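**Student:** Here is my input; please provide its structure:
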Amino acid sequence: MKKRKSARLAPPSRGTIFIVDDDALLVEYATTVLEAAGYTVQHFSDPKDVLRAMQKANPKPAVLVTDYDMGEINGLELILSSHKIHPSLKTLLLSGTVGSSISNGHAAKVNQFLGKPYKPGQLQKIIAKLMQA
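**Tutor:** Now for the predicted structure:
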């Protein structure tokens, strides 16, 4: 039986991707999708944990993937706080409850928006684009 080589949709990461969502299954899904594409991922379920990890991280993460609706701190607030720690951080806002216009007029700089549910290839493509930017 021949062994098939798995095709990589993205080159190995030159930095770590932080993913945060208060839904553990969605964090696991995004982590699996991105690790399958060769990225290094740290995942979180609490936005406060992301901020603590970002302060300690050396080097800092390349991309932050965050859900919008997470209770006490929403994704836009997390992005804004994250940019205070890491100004050049690339960001991807995910949501199944709001649209991309949610960031219009907000101080948080959102690089990309992706609505839920999404297909694995959509997430991988956006992350590849952000990693190259």
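
**Student:** So, low pLDDT: which residues of this protein?
**Tutor:** Where the chain drops to pLDDT under 70, the residues are 1-14.

**Student:** For it, just list every one of the strands.
**Tutor:** Here the chain has its strands, by DSSP state E, at 16-20, 40-44, 63-67, 90-95, 112-115.

**Student:** Same list, those strands, but as JSON lines with mean neighbour count and distance to residue 31 please.
**Tutor:** Bear in mind the C-beta positions are built from the backbone N, C-alpha and C, glycine included. Converted to JSON lines, the strands of the chain look like this (neighbours: other CB atoms under 10 Å; distance: least, CB to CB, whole Å):
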{"stretch": "strand 16-20", "mean neighbour count": "24", "distance to residue 31": "6"}
{"stretch": "strand 40-44", "mean neighbour count": "18", "distance to residue 31": "5"}
{"stretch": "strand 63-67", "mean neighbour count": "25", "distance to residue 31": "10"}
{"stretch": "strand 90-95", "mean neighbour count": "23", "distance to residue 31": "13"}
{"stretch": "strand 112-115", "mean neighbour count": "18", "distance to residue 31": "15"}
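
**Student:** Mind putting the ones you listed into a markdown table with distance to residue 131?
**Tutor:** Shown next, in a markdown table, are the strands of the chain (distance: least, CB to CB, whole Å):
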| stretch | distance to residue 131 |
| --- | --- |
| strand 16-20 | 8 |
| strand 40-44 | 11 |
| strand 63-67 | 7 |
| strand 90-95 | 8 |
| strand 112-115 | 12 |
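
**Student:** Pull the contacting residues for residue 18.
**Tutor:** 41, 42, 43, 44, 50, 53, 54, 61, 63, 64, 65 (CB atoms under 8 Å, 6 or more residues apart in numbering).

**Student:** which residues touch the fourth one?
**Tutor:** By CB under 8 Å, 6+ apart, the contact set of residue 44 is 18, 19, 20, 27, 50, 53.

**Student:** partners of the residue nearest to the spatial centre of the chain in the sheet?
**Tutor:** Nearest to the geometric centre of the chain sits residue 65, at 1.5 Å (CA atoms, centre = their mean). Beta bridges link residue 65 to residue 19, residue 92, judged by DSSP bridges.

**Student:** doesn't residue 19 make contact with it?
**Tutor:** Yes - counting by CB atoms under 8 Å, residue 65 touches residue 19, with 4.5 Å between them.
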